[in-house]
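> show me the folded form of this:
(chains A and B)
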Amino acid sequence: MTPDRRPVAEGLFTWPTDEENPLRLIGSECADCGLVSFPAAPDCVRCASTRSEERLLADRGTLWTYTTQDFRPPSPPYDGPEAFEPYAVGYVELPGELLVEARLTEPDPRKLRIGQPMRLTLVPYTVQDDGTEVVTFAFTPTAEETP
Amino acid sequence: MTEAVIIGVGLHPFGRFPGRTALDMGADAVRMALADAGVTWPRIQGGYIGSYEVANPDAIVARLGLTGVPLRGVFNGCATAGTAIALAARAIETGEHDLTVAIGLDKHPRGAFAADPSVAGIPSWYGQTGLFLTTHFFGMKINRYMHEHGVSHETLARVASKNFGNAAANDKAWRRTPLSVEEILASPVLNYPLRQYMYCGPNEGAAAVVLCRADQAHKYTGKPVRVRSTALRSRRLGAFEVQSPSFPVGEPVGSPTVAASRAAYELAGIGPEDVDVAQLQDTDAGSEVIHMAENGLCKDGEQERLIAEDATAIGGRLPVNTDGGLLGNGEPIGASGLRQIHEIVLQLRGTAGTRQIPGAPRVGYTHLYGAPGASAVTILST
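Numbers count the residues shown, from 1 in each chain, chains lettered A, B, ... in the order given. I've put the predicted structure just below:
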């Protein structure tokens, strides 16, 4: 049986996903100057406009930098499992849009490199007491070069 | 405009002090600074005090004397002490006061800083999913920097080894056991490429500085230290900064350190080539490497050679973090920058004991950087 899943927050990425609604991060674009923001921001930090529109971001990019998390983060605010598994985080450059910080599916720094092509995915980062998996966005290395 | 000079410094040791409150430590530091200046608390006309953990640091007046003195609380994260010294100097420069004090104190619980992302205006999911750690930023910034500028893992270990070695000669420092490059490289990775012995830890301590008008300094000391300039800058759009869920593509924008540094040099009429001794924010060994370049003290990538040649050691061409820095002293946030000022004042007076740099240093430089992307620089001279 597939466990129930829920997103860590509403409005962060498309949910639920299917063939017609593929997984994308939900950002915003300033209606006046065009600055792209993530998470979606009502106010523009470049031109101070208060008008913005939703923009689904690219699901592919390249790894700009990365690090690892080898100890359990202070909790709260972290609500991952007590049994800690190290993970990696990085910034992925989405061409022409922005650099987004995310968990990476590959925890071994020897298997990561700056410039590596990456693709958006979801990871269950923790499980609630009732068995529901909580998912968040992450990037995974891909063999394909980004166009 | 009148110039402000430092006539007294006081430092409570940094470390762990069970049973002592932050205000106790702060009061000790102020009394040491007053004694160093040869003045009493009732003569202090105004001051600025900073703390992360203490909501009302100005309550310190109940320990020092209820004189009615205007003592203003300030906070700018890791740059807090830069604001305290800047405003204490400014009050003299503008003629508001003749004698002022800058105070910093803190007492952090053990371990990495833990806070809800809402304190930085960031949504809860960022903390829940394990992204709200300042240490990630430091790991990612130096990882990218090493990739772009050819800095090695060994250089990071050399920086940490130098700072722990300097701390060993400082009886007020926290981590005073010297560590070899090999021992540091053998410690566990916390945030790749940064290892356990490449990080500073939050801890406890306090520091204070007494300032007066330059034209009255002779009444107190034969060796006043001049406050040549102070600058604080916040992050700009496009800079890669701590606690950022995203940032824009395009030409990279310099960190607030670069902006604060340039402003401070210009205000002081002093250039990086004039600096004899520097205290740079070494939250981790990588930060010290990056901050050498961001403060104009070398070019990007030159650190590899400079550090291999011990240029930043005591006795080197440009000594950095002569008292052990944050790595050796830990970081009580409110006090950290005044510890840097304390060390520069001792070095410029020539009273730093076994860690005194040779020659007669004339210009000292201090730098702070931290969340949410703020940097403060203070330039001092004889």
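> which regions of chain A sit below the pLDDT cut-off?
Residue ranges of chain A with pLDDT under 70: A:1-2, A:144-147.
> correction: the stretch 151-300 of chain B
Short version for the stretch 151-300 of chain B, where the test is pLDDT under 70: none.
> contact residues of it facing chain A?
Contact residues, the stretch 151-300 of chain B versus chain A (C-beta under 8 Å from any C-beta of the partner chain): B:188-194, B:237, B:240, B:244-249. For glycine as for every other residue, the C-beta is placed from the backbone atoms N, C-alpha and C.
> does the closest residue to B:Ala259 other than its chain neighbours sit in a helix, a strand or a coil?
Of all residues not flanking B:Ala259 in the chain, B:Arg233 sits nearest, at 4.1 Å (C-beta to C-beta, 6 or more residues apart in numbering or on different chains). Following DSSP: H, G, I helix; E, B strand; the rest coil, B:Arg233 is assigned to strand.
> which SSE is immediately downstream of the helix or strand containing B:Leu368?
In this structure, B:Leu368 sits in strand B:363-370 according to DSSP states H and E. Scanning forward in sequence from strand B:363-370 by DSSP H and E, the next helix or strand is strand B:374-381.
> just to revisit the earlier point, most widely separated two among the residues of the stretch 151-300 of chain B next to chain A?
Spanning the widest gap among those are B:Pro188 and B:Leu237, at 36.3 Å by C-beta to C-beta.
> more crowded one of the two?
B:Leu237 (13 against 9; other C-beta atoms under 10 Å in any protein chain shown).
> tell me the phi and psi of the nearest residue to B:Gly38 once chain neighbours are set aside?
Closest residue to B:Gly38 apart from its sequence neighbours, by C-beta to C-beta, 6+ apart: B:Tyr220 at 5.3 Å. When read as degrees, to the nearest 10, the backbone of B:Tyr220 gives phi -110, psi -30.
> residues in contact with the residue in the stretch 201-350 of chain B that chain A sits nearest to?
In the stretch 201-350 of chain B, no residue comes nearer to chain A than B:Ser246, which is 4.3 Å away by C-beta to the nearest C-beta. B:Ser246 makes contacts with A:27, A:37-39, A:98-101, as judged by C-beta atoms under 8 Å, 6 or more residues apart in numbering or on different chains.
> strand partners (parallel or antiparallel) of the helix or strand hosting B:Cys212?
Using DSSP H and E, B:Cys212 maps to strand B:204-213. Looking at strand B:204-213 with DSSP bridges, its partner strands are strand B:4-15 (antiparallel), strand B:99-107 (antiparallel).
> mean pLDDT and mean neighbour count added to these, as JSON lines?
Shown next, in JSON lines, are the strands paired with strand B:204-213 (pLDDT from 0 to 100; neighbours: other C-beta atoms under 10 Å in any protein chain shown):
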{"stretch": "strand B:4-15", "mean pLDDT": "98", "mean neighbour count": "25"}
{"stretch": "strand B:99-107", "mean pLDDT": "98", "mean neighbour count": "29"}
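> will you turn these into a markdown table that also has distance to A:Arg60?
Converted to a markdown table, those look like this (distance: least, C-beta to C-beta, whole Å):
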| stretch | distance to A:Arg60 |
| --- | --- |
| strand B:4-15 | 47 |
| strand B:99-107 | 44 |
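> quick check: bridge partners of A:Tyr87?
A:Gln69.
> what's the local residue count around it?
When neighbours are counted by other C-beta under 10 Å, A:Tyr87 comes out with 20.
> ok, now which ones touch it?
A:68-69, A:103-104, A:107, B:130.
> whichever strand or helix holds B:Ala160 to strand B:4-15, inter-axis angle?
Using DSSP H and E, B:Ala160 sits in helix B:153-168. In terms of direction (axes from the mean of the first three to the mean of the last three C-alpha atoms, to 10 degrees), helix B:153-168 departs from strand B:4-15 by 100 degrees.
> which elements pack onto helix B:153-168?
Where contact means 3 or more C-beta pairs under 8 Å, 6 or more residues apart in numbering or on different chains; DSSP states H and E, helix B:153-168 is packed against helix B:181-185, helix B:285-294, helix B:303-308, helix B:325-329.
> what's the next secondary structure element after the last one?
Once helix B:325-329 ends, the next helix or strand along the chain (criterion: DSSP H and E) is helix B:333-349.
> quick one: mean pLDDT for that following helix?
On average, the pLDDT along helix B:333-349 is 98.
> tell me, which of the contacts of B:Ser246 make contact with chain B?
Within these, those near chain B by C-beta under 8 Å from any C-beta are A:27, A:37-39, A:98-101.
> now those in a markdown table, with neighbour count?
Formatted as a markdown table, the ones next to chain B among the contacts of B:Ser246 follow (neighbours: other C-beta atoms under 10 Å in any protein chain shown):
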| residue | neighbour count |
| --- | --- |
| A:Gly27 | 24 |
| A:Ser37 | 24 |
| A:Phe38 | 22 |
| A:Pro39 | 19 |
| A:Leu98 | 24 |
| A:Leu99 | 21 |
| A:Val100 | 25 |
| A:Glu101 | 22 |
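> which residue packs closest to residue 96, ignoring adjacent ones?
No chain specified, so I'll use chain A. Nearest to A:Gly96 is B:Val249, by C-beta to C-beta, 6+ apart, at 6.5 Å.
> nope, chain B please
B:Glu96's closest residue in space is B:Gly46 (C-beta to C-beta, 6+ apart), at 6.8 Å.
> average pLDDT across stretch B:117-134?
Here the average pLDDT along stretch B:117-134 is 91.
> again, but for stretch B:370-382
For stretch B:370-382, mean pLDDT is 95.
> with just CA atoms, put that stretch into CSV.
Output of stretch B:370-382 as CSV, limited to C-alpha atoms (Å, rounded to 0.1, in the frame of the first residue of the first chain):
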residue,chain,number,x,y,z
GLY,B,370,26.6,37.5,9.9
ALA,B,371,22.9,36.9,9.6
PRO,B,372,20.8,38.2,8.0
GLY,B,373,23.6,39.5,5.7
ALA,B,374,25.1,42.5,7.5
SER,B,375,28.7,43.5,7.9
ALA,B,376,30.5,46.1,10.1
VAL,B,377,34.0,47.4,9.7
THR,B,378,36.0,49.6,12.2
ILE,B,379,39.4,51.1,11.4
LEU,B,380,41.6,52.2,14.3
SER,B,381,45.0,53.8,14.4
THR,B,382,47.6,55.2,16.8
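> flag every buried residue along that stretch.
B:370-381 (16 or more other C-beta atoms under 10 Å in any protein chain shown).
> just how off-centre is it within its chain?
7 Å (C-alpha atoms, centre = their mean, to the nearest Å).
> what about it, near chain A?
No - Stretch B:370-382 stays clear of chain A (C-beta under 8 Å from any C-beta), getting no nearer than 12.1 Å.
> how near is the residue nearest the centre of chain B to B:Ala167?
Geometric centre of chain B, nearest residue: B:Gly337, 3.3 Å, by C-alpha atoms, centre = their mean. Distance, B:Gly337 to B:Ala167, by C-beta to C-beta, to the nearest Å: 17 Å.
> tell me which of the contacts of A:Tyr87 is nearest to B:Asp274?
Out of these, the member with the shortest distance to B:Asp274 (by C-beta to C-beta) is A:Thr68, at 40.3 Å.
> my read: A:Gly27 touches A:Pro39, true?
Yes - at 7.1 Å, A:Gly27 counts as touching A:Pro39 under the criterion of C-beta atoms under 8 Å.
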